[in-house]
Structures are given as C-alpha cells and as structure tokens.
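Colleague: Following is a predicted model, sequence given first.
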Amino acid sequence: MFSKKTKPEKTMAQNNQKQLDTLIGQSTRLKGDMTFNGMMHLDGRVEGSIIAENDNDTLTISENGAVKGTIKAGNLVINGSIDGDITASGKIEVLSQARISGNIYYVNIEMETGSQVNGQLIYQGGEVTHINQQEKPSKNQKHE
C-alpha cells in the first residue's frame, strides 16, 4: 500500500558514460605501454601495460576490447579479453563476456555469470597498494 519503488543500482559503466576522457576505437591497435587519467574506454587492442595515474581513474574494456599486458587502475569494468595481471585499488566489474588469463589483485570485485577467469583472485583489502606507488624494499634488503 505504501511501498517505495527503489531504482535499480547503476553499474560503474553506466555512471561513468558521460565522463569519458579517452576513447580507443575498435579499429585502433596500440603497441607499447600507456598511462591515462580520468575515464578511458577501450574498444580496440593494446599490446603493453595500461596504468592509471590516480586511484579514482576508471578503465572500461568493451566486448571488442583486448589487452595483452599488465593493467593497473583505480576501477575497472571488463567485458573484453585480457592476457595479463590486473590490479585495482577500487572496484572491478567483470561482465559476462569477459575473458581473463592472469591474476586479479582486487579490493572489491563483482563478477557476472558467463565471465571467465583463468588465474588467481588475490584479495588486497588490508594491504592496498595505490596504483602509482612504487614497491618499497623489504626490511631485509640492504641499501647500497
């Protein structure tokens, strides 16, 4: 009688559609490492690492997109193919057409039915390394 109608929760992909900073089209092929800032949408193919400059940057890989290399971003929406390790300091959405061969280092992950991951899911909740932070030498290593 007095029920509230709740709106369905939007995914990151739906929330970020109007904030697009970089678009790599379906016919584009890139070879080499790249960095981005803000929101990047990948429909093409990249052979090399993709690294976000900030923890709040988002990379979306469409069903046509493919990456052969390491990915480090704040947030990821994946619906394409990735051959390499993935690290996210925020949220990862693995959509139904995603095909991933590599380890996923995550804090928050959501996976749809039909997605495929051939690798380990490694939770990083207590030890979040920011994407642009260098690894620190262990206490046992000697400095020269």
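Modeller: Perfect, I can see it now.

Colleague: got the contact list for the closest residue to residue 40 other than its chain neighbours?
Modeller: Excluding its sequence neighbours, the residue lying closest to residue 40 (CB to CB, 6 or more residues apart in numbering) is residue 22, at 4.1 Å. C-beta coordinates here come from the backbone N, C-alpha and C atoms, glycine included. Shown in contact with residue 22 (CB atoms under 8 Å, 6 or more residues apart in numbering): 36, 38-41.

Colleague: PyMOL command for the buried members of the residues you listed?
Modeller: In PyMOL, a selection of the buried entries from the contacts of residue 22 looks like this (16 or more other CB atoms under 10 Å):
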select buried, resi 36+39+40+41
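
Colleague: Sitting in strands, which of the contacts of residue 22 do you find?
Modeller: Those of these mapping onto strands are 36, 39-41, per DSSP state E.

Colleague: so can I have JSON lines of those showing distance to residue 122 and pLDDT?
Modeller: Below are the ones in strands among the contacts of residue 22 laid out as JSON lines (distance: CB to CB, whole Å; pLDDT from 0 to 100):
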{"residue": "36", "distance to residue 122": "24", "pLDDT": "97"}
{"residue": "39", "distance to residue 122": "25", "pLDDT": "98"}
{"residue": "40", "distance to residue 122": "24", "pLDDT": "98"}
{"residue": "41", "distance to residue 122": "26", "pLDDT": "98"}
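
Colleague: ok, which pair from those is furthest apart?
Modeller: Farthest pair in those (CB to CB) is 36 and 41. Separation: 10.2 Å.

Colleague: Now distance to residue 51 too, for the ones in strands among the contacts of residue 22, in TSV please.
Modeller: Below are these laid out as TSV (distance: CB to CB, whole Å):
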residue	distance to residue 51
36	8
39	15
40	11
41	16
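
Colleague: Following the chain onward from the lowest-mean-pLDDT helix or strand in the chain, which element is next?
Modeller: Scoring the helices and strands of the chain by mean pLDDT, DSSP states H and E places helix 12-16 at the bottom, with a mean of 51. Counting by DSSP states H and E, the next helix or strand C-terminal to helix 12-16 is strand 22-24.

Colleague: gap between that next one and the chain center?
Modeller: Distance of strand 22-24 from the chain centroid (CA atoms, centre = their mean, to the nearest Å) equals 15 Å.
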